[in-house]
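Trainee: I need the structure of the sequence given here:
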Amino acid sequence: MRERGLATAEMPCYSPRTNTEEIENMARLCDRCGRGSNRANSRSHSNIATKREQFANLQARKIGGLRMTLCTRCLKTMRKTLTEKVTARASAPAKVGKKA
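Mentor: Next up, the predicted model:
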């Protein structure tokens with residue numbers, strides 16, 4: 001980032017990550033939980049280890065008018081909590097007001 005004329009302190013960083021490589025790959029992070037990529041080994045038939053990167057299953061969604069990149073785990077959790085709230089509201093007894 002220094003070759004573009006920006007110092008590290010001037011860059012807008014919304015994550016506690018300090019590594020420059022991780023800041024450049026912020027698009028590959030979940031906006032809700034911060035889940036990102038994982039380093040692993042690819043194993044050949046002869047058991048030779050080759051480094052590779054496993055990416056989170058990120059989906060772009062509009063939530064409340066904001067464009068967010070969310071992992072499927074967060075999407076599933078959000079859908080579940082929303083469904084629970086709707087079901088609880090539907091199963092709650094209706095409030096009847098007093099007649100004057």
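Trainee: hey, where'd the helices end up in this structure?
Mentor: Assigned helices in the chain, in chain order: 20-24, 72-91 (criterion: DSSP state H).
Trainee: Quickly, which of these bottoms out on average pLDDT?
Mentor: Of all these, the minimum mean pLDDT falls on helix 20-24 (a mean of 54).
Trainee: if we can go back for a sec, dump the helices of the chain into TSV; add mean neighbour count as well.
Mentor: C-beta coordinates here come from the backbone N, C-alpha and C atoms, glycine included. Listed next are those as TSV, based on neighbours: other Cβ atoms under 10 Å:
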stretch	mean neighbour count
helix 20-24	12
helix 72-91	11
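Trainee: Looking at the ones you listed, which is nearest to residue 31?
Mentor: Closest of the helices of the chain to residue 31 is helix 72-91, at 8.5 Å (criterion: Cβ to Cβ).
Trainee: could you dump the helices of the chain to a markdown table with distance to residue 52?
Mentor: As requested, those are exported to a markdown table (distance: least, Cβ to Cβ, whole Å):
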| stretch | distance to residue 52 |
| --- | --- |
| helix 20-24 | 16 |
| helix 72-91 | 20 |
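Trainee: Quick one: closest of the ones you listed to residue 32.
Mentor: That would be helix 72-91 among the helices of the chain, by Cβ to Cβ, at 4.5 Å.
Trainee: Nearest residue to residue 31 in space, ignoring adjacent ones along the chain?
Mentor: residue 68 (4.6 Å; Cβ to Cβ, 6 or more residues apart in numbering).
Trainee: who does the one you found bridge with?
Mentor: Taking DSSP bridges, one obtains residue 61 as the residues bridged to residue 68.
Trainee: Test for you: state the pLDDT assigned to it.
Mentor: 92.
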